[in-house]
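what's the 3D shape of this:
(one chain, ligands or ions: 2)
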Amino acid sequence: MIHPEKIDTLLEARWIIPVEPAGAVLRNHAIAIDQGTIRAVMPGAEAHAQFAPDEHIVLGNHALIPGLVNLHAHAAMSLMRGIADDLPLMEWLGNHIWPAEARHVDSNFVFDGTRLACAEMLRGGITCFNDMYLFPEATVGAAVDAGMRASIGMIAIDLPTAYASDADDYLAKGLALRDEYGRHPLLSFCFAPHAPYTVSDRIFGSILTYAEQLDLPIHIHLHETTDEIRNSLKSHGVRPIERLHKLGLLGPNLIAVHMVHLNGEEIELMAQLGCTVANCPSSNLKLANGLAPVAALTSAGVNVGLGTDGAASNNRLDMFEEMRFTALLAKAQSGRANILPAWQVLQMATLNGANALGIGTLTGSLVAGKAADITAVDFSSLELAPCYDPVSHLVYAAGREHVSHVWVNGKMLLNDGELTTLDEQEILLRAEFWRERMATESKNY
Ligand SMILES: CSC[C@H]1O[C@@H](n2cnc3c(O)ncnc32)[C@H](O)[C@@H]1O
Ligand SMILES: [Zn+2]
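Ligands and ions are numbered 1, 2, ... in the order given. This is a model prediction of the structure:
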């Protein structure tokens, strides 16, 4: 007689959509979880015979998917949600956001803002976010307290702030933070030069040297507006992509955010060199920047992930919305209804993002050996009835309001809609504290 193996949790659901292999939908299956790791994904009957779980959870009308990976975030900017709407990028940044950051942003702001963002993201099924913001040590504190996975940006920008005096100072502080937390199980690190128009060639050179030595991604806003390209032609004689290419930054470690204005040669170059694009359709729409040519990028073989950007330019941190926008806009742009089927968009929101962050062996799909980063979507409500194909519903019909449970590293962070690690009332009080403070001290908002 074979004794069943003791494990922490056996999780069963109506559907398991593991993302790997692509397009698979498993029925009557279970996920065995032990010590934060997926031990097996197998038929339920076999799992019952093989495992003796401490906890057995059956979600009868749900789909289990990999936790969503938000490939571009400024989490703390949640405290600036709605302060400067209906403006183009440079007016938004130069006249509103940067002055507000200079006046208000400190490590308390970043801690409170990131906690607010973590709560919103967890409720929407996001288990991992790739952040770029000031005072990243506070982002670390808030993400780890929440139990979320985060990729922390070691930022560089030629703009002095209360956090750092110049780009060298930013980099030194980022590297020191990575020395301290580089081995934390929930954290990974990226270089995060803000944009071509705020970072010098010399600093890009230093970043490239470090990124190659440490084999870390480089996360940057790139080709977001036509003005960015026009100004680069004036100042550098070349478009930003060509400038970064000459500096040696284009390669498999590059995560280029936005990438709205691209010509055919640039798309080919990104594909040949193995770059990733983080598509942020809501932010691109709201700032009137345009739309990334996602159909052309994926057809060329570029790895495309999805991001929300910050809540001051979106104004939601909602990956379900980014999935739906990505699919619909790509069809309209390309004139091809068959471009980007739902399974491919779900892959963008999960595995493609994890791969870009260098953590694709840890998260992004539901396979044995990876961390148990799992989102459960409840299909019981009438907006999701009837269900012929759960993958179709996830992209075209479901919303973040249908997310019921979330696990990160095997720990349940959302239980039937309730946050388990974060105090919603306290987060709301802190958000109100910052609103009052910002409203009193700044006549603009
Ligand atoms: C150096 S910290 C990050 C920096 O980026 C600013 N920011 C937020 N959204 C955008 C965007 O869409 N394009 C360019 N810059 C952006 C944020 O306010 C911080 O200053
Ligand atoms: Zn951004």
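
sec struct for the residue nearest in space to the middle of the chain, please.
Central residue of the chain (CA atoms, centre = their mean): Asn70, 1.3 Å from the mean position. Here Asn70 is recorded as strand under DSSP: H, G, I helix; E, B strand; the rest coil.

now do the contacts for it.
Taking CB atoms under 8 Å, 6 or more residues apart in numbering as the criterion, Asn70 is in contact with Met121, Ile126, Cys128, Phe129, Asn130, Leu306, Gly307, Thr308, Leu317, Met319, Gly353. Glycine gets a C-beta too; all of them are placed from N, C-alpha and C.

from ligand 1, how far out is it?
If you measure Asn70 against ligand 1 using CB to the nearest ligand atom, to the nearest Å, the figure is 14 Å.

identify the bridge partners of that residue.
When bridges are called by DSSP bridges, Asn70 pairs up with Phe129.

how about Ile220?
Per DSSP bridges, the residues bridged to Ile220 are Ala256.

I'd say it and Leu254 touch.
Yes: using CB atoms under 8 Å, Ile220 makes contact with Leu254 at a distance of 7.4 Å.

quick one on the thing from earlier: how much space between the residue nearest to the centre of the chain and Met132?
Distance of Asn70 to Met132, given as CB to CB, to the nearest Å: 12 Å.

same question for Glu321.
Distance from Glu321 to Met132, by CB to CB: 20 Å.

who has more neighbours out of those two?
Met132 (27 against 18; other CB atoms under 10 Å).

what residues are up against the more buried one?
His72, Ala73, His74, Gly153, Ile155, Cys190, Ala192, His194, His219.

what's the spacing between the closest residue to Asn130 other than its chain neighbours and Ala278?
Distances taken as CB to CB, 6 or more residues apart in numbering place Ser151 nearest to Asn130, at 4.2 Å, with adjacent residues excluded. Per CB to CB, Ser151 is found 11 Å from Ala278.

where do the contact lists of these two overlap?
Counting by CB under 8 Å, 6+ apart, the residues touching both Ser151 and Ala278 are Asn130, His219.

one step back: so which of the contacts of Met132 comes closest to Gly335?
Using CB to CB, His72 is the member of the contacts of Met132 that lies nearest Gly335, at 27.2 Å.

in the stretch 251-400 of the chain, which residue sits closest to ligand 1?
Taking CB to the nearest ligand atom, ligand 1 has its nearest neighbour within the stretch 251-400 of the chain at Gly310, 4.9 Å off.

right, is stretch 220-228 up against ligand 1?
Yes: interface with ligand 1: stretch 220-228 contributes His221, Glu224 (CB under 6 Å from any ligand atom).

in that stretch, what's buried?
Ile220, His221, Leu222, His223, Glu224, Thr225, Glu228 (16 or more other CB atoms under 10 Å).

quick one: which of the residues you listed is nearest ligand 1?
Nearest to ligand 1 among these is His221, at 4.5 Å by CB to the nearest ligand atom.

how many residues are close by the spatially closest residue to that closest one that is not a sequence neighbour?
Once flanking residues are discounted, His221 sits nearest to Ala195: 4.2 Å by CB to CB, 6+ apart. The tally of other residues near Ala195 (other CB under 10 Å) stands at 17.

do the same with Gln272
12.

Thr209 too?
By other CB under 10 Å, 11 other residues sit near Thr209.

can you check Ser381 too?
Neighbour number of Ser381 under other CB under 10 Å is 12.

now do the contacts for it.
With contact set as CB under 8 Å, 6+ apart, Ser381 has these partners: His402.

equivalent analysis for Gly82, please.
Listed by CB under 8 Å, 6+ apart, the contact set of Gly82 reads Ala312, Asn315.

picking up where we left off before, hey, what's in contact with both of Ile220 and Leu254?
Leu244.

how about the nearest residue to Phe204, chain neighbours excluded?
With CB to CB, 6+ apart as the criterion, Phe204 has its nearest non-adjacent residue at 4.9 Å, and that residue is Leu247.

let me fix that, I meant to ask about Asp227.
Met90 (6.2 Å).

before we move on, which element is that neighbour in?
helix 89-92 (DSSP states H and E).

quick one: buried residues of the following helix or strand past that helix?
Using DSSP H and E, the helix or strand that follows helix 89-92 in sequence is helix 98-104. Using 16+ other CB under 10 Å as the test for burial, helix 98-104 gives Ala100, Glu101, His104.

list just the nearest of these to Glu137.
When those are compared against Glu137 (criterion: CB to CB), the nearest one is Glu101, at 16.5 Å.

list the contacts of that closest one.
Leu134, Thr161.

which elements pack onto the helix or strand in which Val304 is found?
Assigned by DSSP H and E, Val304 falls within strand 303-306. For strand 303-306, the contact count by 3 or more CB pairs under 8 Å, 6 or more residues apart in numbering; DSSP states H and E identifies strand 68-73, strand 276-279, helix 294-300, helix 319-334, helix 353-356 as packing neighbours.
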